[in-house]
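[1] sequence and predicted structure are below.
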Amino acid sequence: MRVALVLLLLAAPAAADRSKCTVTIARAPEEVRPIVERWVQSEPVCDVSLEVRIVPTEGGYYIFAEDGNHRVRERLVPDAESAGVLVVSWIADDKLPSAAPAATPEIRAPGITAAIATPSEPSRRWISVTGFVGLRTVEPYGVAAAVDIATWRAFAIGVATSWLQGSLSVYASEGTGFMQFSDARGLAYGAHTARFGKWNLRSTLAAGVLYSRGTVLMPGIMDDVSGVSPAIETSLMFGREIGDSWAIAMGLLGTYTHQSYDVESPNGPRELRREQPDLMFSTSVRHRL
């Protein structure tokens, strides 16, 4: 009975200390985070508030920790297990440096000739390459490239260009025919990204200019045509980040085209219209800027 009472009294302070423990891993590679979390949870005494960032670098991992009073510690370690041991040692030692919060010390690890800067949050700007195939037009396929120019919270603005080739129906007074076409678009877009950990849902609305050229085939008519018109696109892409710098996504792209062409027919010049909403399936590879 006395042994049990002693163990209970010894455990009570540890439980109280853990109640004050706030250790946040704000940034860490996927292969390192669970190892550090395991070490942190195994530490019985923790009464500090600590925010930790772990960044891969040459020779291992750079670790930056800031406590609730904005005092910091930095270190370079060779592997994930060493990172966990180091963070636990900082938790156990509640005598963090007494330097003023504004004076971040310069710490130079072996082999590094300049002080390592405080790591920043990952960029929210992406450059992407997308391939797509049409679900309504005949044999359509294309490719697009886009780059985010600026971001604010979950929003981004950017520019994009795309090329698409395929066939579609066109209409004139003589009847219905086909147009084999190639489209080039230049667009400006706005996007919103909802994030769920490594997963995200990105919706985009774009507007710009479309240049189209092709060949019209219909009863009594075979003519080359071209035209310029406004372009409108919208997309919804579901994606996942891979590591710190890459992501993949897939989803749907909707476009609308409204053009008219003058073609020669046996009965004289005719106006031919292309009014085409289209839906395409797209896949994308992204790289963080």
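    Nice, thanks for sending it over. None of these values were measured; they are calculated from a predicted model.
[2] helix or strand for the nearest residue to residue 212 once chain neighbours are set aside, just tell me which one.
    In space, and not counting its chain neighbours, residue 212 is closest to residue 183: 4.9 Å by Cβ to Cβ, 6 or more residues apart in numbering. From N, CA and C alone the C-beta is placed, and that goes for glycine too. Assigned by DSSP states H and E, residue 183 belongs to strand 175-196.
[3] dump that strand to PDB, keeping only the CA atoms.
    Only the C-alpha atoms of strand 175-196 are listed here, as PDB (Å, rounded to 0.1, in the frame of the first residue of the first chain):
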ATOM      1  CA  GLY A 175     -26.700  21.900 -92.700                       C
ATOM      2  CA  THR A 176     -24.300  20.400 -90.100                       C
ATOM      3  CA  GLY A 177     -20.700  19.600 -90.600                       C
ATOM      4  CA  PHE A 178     -17.400  19.100 -88.800                       C
ATOM      5  CA  MET A 179     -14.500  21.300 -88.000                       C
ATOM      6  CA  GLN A 180     -11.000  19.900 -87.300                       C
ATOM      7  CA  PHE A 181      -9.400  22.500 -85.100                       C
ATOM      8  CA  SER A 182      -6.400  23.700 -83.100                       C
ATOM      9  CA  ASP A 183      -6.900  26.100 -80.300                       C
ATOM     10  CA  ALA A 184      -4.400  28.300 -78.400                       C
ATOM     11  CA  ARG A 185      -5.500  30.200 -75.300                       C
ATOM     12  CA  GLY A 186      -3.900  32.800 -73.100                       C
ATOM     13  CA  LEU A 187      -5.600  33.300 -69.800                       C
ATOM     14  CA  ALA A 188      -5.500  35.100 -66.500                       C
ATOM     15  CA  TYR A 189      -7.100  33.200 -63.600                       C
ATOM     16  CA  GLY A 190      -8.200  33.400 -60.000                       C
ATOM     17  CA  ALA A 191      -8.100  30.300 -57.800                       C
ATOM     18  CA  HIS A 192      -9.200  29.200 -54.300                       C
ATOM     19  CA  THR A 193      -7.700  26.200 -52.600                       C
ATOM     20  CA  ALA A 194      -9.300  24.400 -49.600                       C
ATOM     21  CA  ARG A 195      -6.600  22.300 -47.800                       C
ATOM     22  CA  PHE A 196      -7.100  19.200 -45.800                       C
END
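[4] immediately after it, which helix or strand?
    Criterion used, DSSP H and E; the element after strand 175-196 is strand 199-218.
[5] tell me which residues in that next one are buried?
    200, 202, 204, 206, 208, 210, 212, 213, 214, 216, 218 (16 or more other Cβ atoms under 10 Å).
[6] parallel or antiparallel, list what pairs with the following helix or strand past it.
    Once the chain leaves strand 199-218, the next helix or strand it forms, by DSSP H and E, is strand 221-242. Using DSSP bridges, the strands paired with strand 221-242 are strand 199-218 (antiparallel), strand 246-265 (antiparallel).
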